[in-house]
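Student: Have a look at this prediction, sequence included:
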Amino acid sequence: MSGTTLTAPRVLLSATGLVKEYDGTPVLSGLDLDLRAGELVSVLGANGSGKSTALRCVVGLVPPTRGRVEVAGSQVEPGRPVPQVAMVFQKIHVVARRSVLDNVCAGAVARMPYTRSLSTWLFPREVREEAMACLDRVGLAERPHERAGRLSGGQQQRVAIARALCQRAQVLLADEPVSALDPAAADQVMALLRSLADDGMAVAAVLHQPALARRYSDRIVGLLRGRVVFTASPTALAQAEVDRLYEPDQRAEEAS
Ligand SMILES: Nc1ncnc2c1ncn2[C@@H]1O[C@H](COP(=O)(O)OP(=O)(O)OP(=O)(O)O)[C@@H](O)[C@H]1O
């Protein structure tokens, strides 16, 4: 025995028994999901299987009908966003007319004094410096004063990720972050998410590209009709399990 104690990575986010119903129709049917520091988890599933709803319930954008979410060990109020968790989307949410730097600074608004946050044209120097460091982290330190709308889709997605870093989020949820990107830009964004996990964040990405999930993830979670039907490492995951998520029979059942 070397005396070295190996400890399991810390669970940063834990969702337990999440149920979401719309007009009595279940979209999530008791979903459990843990995200640990230092891991990238991909979520696969057919259209309508509940992937976006799961992330939205977890980040607090929509309240679950039932279930609980804990962030860093503390239960969060249902439907209330918490600063430790950030989300990026397929439709990239940047303010096109504002500078790249202003977009990233916006991540800090929640922790700024109310009066300062009203005049977001004038972010304090320390916030701008932190935002520059976040831009550097995503490889965009060269263009802080460019209008965000002039950047490519892949670059805009990296600006959105830099904003999450400026929010000091420990958990990053990415809903189809590369679906609108060409293969090269998609690889770049996935490599960035991978490196953020390697730095200690917990990252979950909803993907429609099983090959990308296999290449970049520590774990792949499969969703079918609002339930987790597998969670496995890319090497342990059989292709048949992945294919089953997209079988017409399974999805027909989903519609019934
Ligand atoms: N606000 C809402 N009101 C009613 N039904 C909703 C609402 N949001 C989502 N749904 C339904 O919940 C189901 C799951 O939707 P969700 O967007 O979570 O699926 P998804 O797996 O992310 O699909 P996709 O891959 O197409 O994005 C769908 O049947 C959808 O119509």
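Tutor: Structure's in. What do you need?
Student: helices or strands up against whatever helix or strand residue 154 lives in?
Tutor: In the assignment (DSSP states H and E), residue 154 maps to helix 153-166. Other helices and strands packing on helix 153-166, by 3 or more Cβ pairs under 8 Å, 6 or more residues apart in numbering; DSSP states H and E, are strand 85-89, helix 100-105, helix 125-137, helix 183-198. Backbone N, C-alpha and C define where each C-beta goes, glycine included.
Student: and the last one, which residues are buried?
Tutor: Judged by neighbour count (16 or more other Cβ atoms under 10 Å), helix 183-198 contains these buried residues: 185, 186, 187, 188, 189, 190, 192, 193, 194, 196, 197.
Student: Against the ligand, which of those make the cut? List them.
Tutor: Among those, none lies close to the ligand by the criterion of Cβ under 6 Å from any ligand atom.
Student: Near the ligand, which residues of the stretch 1-150 of the chain are found?
Tutor: 22, 27, 45, 47, 48, 49, 50, 51, 52, 53.
Student: Return the subset of the residues you listed lying in helices.
Tutor: In helices, defined here by DSSP state H, the members of those are 51, 52, 53.
Student: Put together CSV for the helices and strands packed on helix 153-166, with distance to residue 221 on each row.
Tutor: Formatted as CSV, these follow (distance: least, Cβ to Cβ, whole Å):
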stretch, distance to residue 221
strand 85-89, 17
helix 100-105, 30
helix 125-137, 26
helix 183-198, 15
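Student: wait, which of those is closest to residue 209?
Tutor: helix 183-198 (7.5 Å; Cβ to Cβ).
Student: quick one, that closest one and helix 153-166 angle?
Tutor: Orientation note: helix 183-198 sits at an angle of 10 degrees relative to helix 153-166 (axes from the mean of the first three to the mean of the last three Cα atoms, to 10 degrees).
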